[in-house]
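K.L.:
Structure, please.
(one chain, ligands or ions: 2)
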Amino acid sequence: MFKIPFLDLPPLRGAAGTVRLPGSKSISNRVLLLAALSEGRTVVRDLLASDDTAVMLESLRTLGCAVWREGGDVVIDGLGGQLRAKEAKLFLGNAGTAMRPLTAALSLLAATQGGSFEVSGVPRMHERPIGDLVDALRGLGCEIDDLGNAGYPPLRLRGPSTLALDTPVRVRGDVSSQFLTALLLALPLVAERDIRIEVIGELISKPYIEITLALLARFGIQVRREGWAAFVIPAGSRYVSPGEVFVEGDASSASYFVGLGAIAATDVPIRIEGVGSESLQGDVRFIEAAAAMGAEVKAGPNWLEVKRGAWPLKGLTLDCNHIPDAAMTLTVMALYADGPTTLTNIASWRVKETDRIAAMATELRKLGATVDEGPDWIRVQPLQRWQAAVIHTYDDHRVAMCFSLAAFNGLVTTAAKPVRILEPHCVAKTFPDYFETLFGVVSVDVADVPVITIDGPTASGKGTLADETAKLLGFNVLDSGALYRVTGLAARRAGLDLDDGDAVAAIVPTLQLRFADGQVFLGQEDVSARLRAEATGLLASQVAVHPQVRRALHQLQLDFRRLPGLVADGRDMGTAIFPDAALKVFLTASAATRAERRYKQLISKGISANIEGLRADLEARDERDKNRSTSPLEPAQDAQLLDNSALTIEASVDQMLAWWQQRRPF
Ligand SMILES: Nc1ncnc2c1ncn2[C@@H]1O[C@H](COP(=O)(O)OP(=O)(O)O)[C@@H](O)[C@H]1O
Ligand SMILES: Nc1ccn([C@H]2C[C@H](O)[C@@H](COP(=O)(O)OP(=O)(O)O)O2)c(=O)n1
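P.N.:
Ligands and ions are numbered 1, 2, ... in the order given. Sure, this is the predicted structure:
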């Protein structure tokens, strides 16, 4: 996951390949609750690992449910409808799929078994209405206290109290279908007689109710229904664990890759594994909308393949009641269409993680788009004159994921623009590795992938500055010195004459190098510590003088230029390897300062050192690096000079980021 303040997406040019979707959020949280209410053990496979499932799991533990992991599975020993904890405070983040059903289940359990439970969330959760559900539960006889604004969390659910189950439970269906889902999931707890639920108003998001009914059936509860107007939970209903449940891939998450295929898979399709024609989730019908916009879609039982069909895409007008979450993706696809796209019946967008109609309209306009909106609709015009934009994401995973598709603007304009996504970690709600997955199936012009170079003498702080800068930008790191160090080490081990450039260069293609989690492996051996030794630095400096060796390592270094960007440190990053780098920094510090830093660094690692010896070594190394004929150590003409002798690491990083920001079009 990119846990950084912003992620810059360079212009993306194409897409192909296979993605495996994380589990569905809606199914995951329903299954967890049903497993917890059931008798017996349930093994949940392919559960979504995300913020919203984490709060549900934590709540179930707090309520006394035994929950543990076995490999990739989550195992739950259900409560069998019996409360083990009678008092608890549950923090549910921004997870509507946890807040609504837990409110219903705990209200009923408190009423029948006694207890007091507080449910709360993040500030936005306290702005998301729950009054219709609370009213329905109070109508049944549940005791619910508003702890904040009436009709919104936080709430206290307490009991015992007497339930009146002989009259139908009435709930509004036109604000959120989650209220009905919550009642359907919870009322079997108290179904000593038939319980009838009547829906007031037009039920929205009906496919989510289908998921609820299908999962209830998996857990032994056969709800009888009268169309979408009334549902009856039969007397004597009991949750029974099915033993094992597989969670489907998230169909709403599929929409970004369906959109991706429609926009950018011109040759090989994007294959999406985890959802397909047999999916329970209504959002799988997003493929019909995408096809109407021109996508070529093939579907198997649990896979989809999507390619570009019509181009530009075709604008459309669509009632999106059946695909409320996935439909957001259409608003960004609409930018690539031949005419306006109008989405209607989307009032529920206004009470989601954020007011999604307002959010999408505001952010689309930042790209230059013309957007109109009403209480329950949005209209987006195709975009010709794209602007580089900073996209605010409102702590809403879907906003972040949708706008990644704006990075393909180079397919419709000559001057392609990057897109900045603020707080990209908000995708953790449903798809923590969304951007990594996206980067795995898109293509770029390598020249569009931004590079920052940091060159300078030994112990000036290049590695430290490169790592810190890369961490803040989410970029990859190239420690080019490590390549020379490995080469020097391998040449020495092979008994080569280090002055024989041809012989040393010849071993480069045979090196089995692997970089993983900041470690360097040569074959099976972790050589990281060995590489950092001063003696290896001297070997590196010796082999680095040979043009043959430098040529042999050239492509290896270029290969590090991958999405979303690269920070490269060394001696010739800005002059020879990445001459087109957007920011080049030449980092220096006085010899005395550098010797002292290296000394402290070695001592702190328990390696004995002598400061005069270190200074002599580093000055010798500086001499050789500066005076060699190929790619000597020198600042690139367009490099920023930074002498950090008197600067802290933080101050140096701040200076880097300030220079970087000056070079960005935002
Ligand atoms: N600006 C700075 N101020 C103080 N110490 C620094 C600074 N930059 C780096 N250091 C320290 O100096 C040592 C050498 O830095 P390093 O990044 O390994 O240098 P290089 O990669 O240039 O050889 C490290 O222990 C690091 O923490
Ligand atoms: N791009 C590079 C990187 C390193 N080298 C050579 C020259 C250096 O003395 C050695 C070791 O580099 P490295 O960056 O690991 O060394 P320091 O951390 O600065 O001590 O490799 C080079 O010639 N070109």
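K.L.:
in stretch 297-310, what's buried?
P.N.:
For stretch 297-310, burial by neighbour count (16 or more other C-beta atoms under 10 Å) applies to 297, 299, 302-309. Every C-beta, even on glycine, is put in place using the N, C-alpha and C of the backbone.
K.L.:
which one in those residues is the model shakiest on?
P.N.:
Lowest pLDDT among the buried residues of stretch 297-310: Asn302, with 88.
K.L.:
what's near enough to touch it?
P.N.:
By C-beta atoms under 8 Å, 6 or more residues apart in numbering, the residues touching Asn302 are 248-249, 273-276, 278-279.
K.L.:
gap between it and Thr112?
P.N.:
According to C-beta to C-beta, to the nearest Å, Asn302 stands 40 Å off from Thr112.
K.L.:
do Leu642 as well
P.N.:
Look at Leu642 and Thr112: by C-beta to C-beta, they are 69 Å apart.
K.L.:
got the contact list for the residue in the chain that ligand 1 sits nearest to?
P.N.:
Distances between the chain and ligand 1 by C-beta to the nearest ligand atom are smallest at Gly461, namely 2.6 Å. Residues near Gly461 by C-beta under 8 Å, 6+ apart: 587, 589, 597, 644, 649, 652.
K.L.:
phi, psi of it?
P.N.:
phi 110, psi 20 (degrees, to the nearest 10).
K.L.:
Can you give me the pLDDT of it?
P.N.:
95.
K.L.:
just the one 10 residues further on next, same as before
P.N.:
Confidence per residue is given as pLDDT, and for Lys471 that number is 97.
K.L.:
again with Val75
P.N.:
On the pLDDT scale, Val75 gets 97.
K.L.:
Please settle this for me: is it part of a strand?
P.N.:
Yes - membership of Val75 in a strand is supported by DSSP: H, G, I helix; E, B strand; the rest coil.
K.L.:
Look at it and say how many residues are nearby.
P.N.:
A count of nearby residues for Val75, using other C-beta atoms under 10 Å, gives 16.
K.L.:
so what's the closest residue to Glu363 other than its chain neighbours bridging to?
P.N.:
Spatial nearest neighbour of Glu363, excluding adjacent residues (C-beta to C-beta, 6 or more residues apart in numbering): Ile391 at 5.0 Å. Beta-bridge pairing of Ile391 under DSSP bridges involves Ile421.
K.L.:
which residues are contacting the helix or strand that contains Val67?
P.N.:
Here Val67, judged by DSSP states H and E, is contained in strand 66-70. Outside strand 66-70, the residues that touch it by C-beta under 8 Å, 6+ apart are 36, 43, 57, 60-61, 74-77.
K.L.:
Drop anything exposed from the residues you listed.
P.N.:
For the contacts of strand 66-70, buried by 16+ other C-beta under 10 Å: 36, 43, 57, 60, 74-77.
K.L.:
hang on, the earlier thing: can you tell me which two in the contacts of Asn302 are farthest apart?
P.N.:
For the contacts of Asn302, with distances taken as C-beta to C-beta, the pair at the greatest spread is Glu273 and Glu278 (13.1 Å).
K.L.:
Tell me the pLDDT of Ile603.
P.N.:
At Ile603, the pLDDT value in this model is 89.
K.L.:
Tell me if I'm right that it and Ile611 touch.
P.N.:
No - counting by C-beta atoms under 8 Å, Ile603 does not reach Ile611; the two are 9.7 Å apart.
K.L.:
which of these two has more neighbours?
P.N.:
Ile611 (15 against 12).
K.L.:
Against Gly114, how distant is the closest residue to the more buried one other than its chain neighbours?
P.N.:
Ranked by C-beta to C-beta, 6+ apart and with sequence neighbours excluded, the top spatial neighbour of Ile611 is Tyr599, at 4.7 Å. As for Tyr599, its distance to Gly114 is 68 Å (criterion: C-beta to C-beta).
K.L.:
OK, contacts around whichever residue of the stretch 451-600 of the chain sits closest to ligand 2?
P.N.:
Closest residue of the stretch 451-600 of the chain to ligand 2, C-beta to the nearest ligand atom: Gly481 (2.0 Å). Shown in contact with Gly481 (C-beta under 8 Å, 6+ apart): 463, 537, 540, 569-571.
K.L.:
again with Asp267
P.N.:
14, 16.
K.L.:
Where do the strands of the stretch 151-300 of the chain begin and end?
P.N.:
With DSSP state E, counting those that start in this stretch, the ranges of strands along the stretch 151-300 of the chain come out as 155-159, 169-172, 195-200, 224-226, 230-233, 244-246, 270-273, 296-300.
K.L.:
Show me what the last one is in contact with.
P.N.:
To tie it back to what came earlier, the one meant is strand 296-300. Applying C-beta under 8 Å, 6+ apart, the contact partners of strand 296-300 are 258, 261, 269, 276-277, 287, 290-291, 304-309.
K.L.:
Ala636 - that's part of a strand, no?
P.N.:
No - counting by three-state DSSP, one finds Ala636 to be coil, located in no strand.
K.L.:
neighbours of it, just the number please.
P.N.:
Neighbours of Ala636 (other C-beta under 10 Å): 19.
K.L.:
Can you list the buried residues in stretch 150-163?
P.N.:
Residues of stretch 150-163 classed as buried by neighbour count (16+ other C-beta under 10 Å): 152-159, 161, 163.
K.L.:
Could you export it as CSV, CA atoms only?
P.N.:
Provided in CSV are the C-alpha atoms of stretch 150-163 (Å, rounded to 0.1, in the frame of the first residue of the first chain):
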residue,chain,number,x,y,z
ALA,A,150,-30.4,12.0,16.7
GLY,A,151,-30.5,9.7,13.7
TYR,A,152,-26.7,9.3,13.5
PRO,A,153,-24.0,7.3,15.2
PRO,A,154,-22.7,7.1,17.9
LEU,A,155,-25.4,5.0,19.6
ARG,A,156,-25.9,3.1,22.8
LEU,A,157,-27.9,-0.2,22.5
ARG,A,158,-29.2,-1.5,25.7
GLY,A,159,-31.5,-4.0,27.3
PRO,A,160,-33.3,-6.1,28.4
SER,A,161,-36.5,-4.8,27.0
THR,A,162,-39.6,-6.4,25.7
LEU,A,163,-39.8,-7.0,21.9
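K.L.:
Thank you kindly, that will do.
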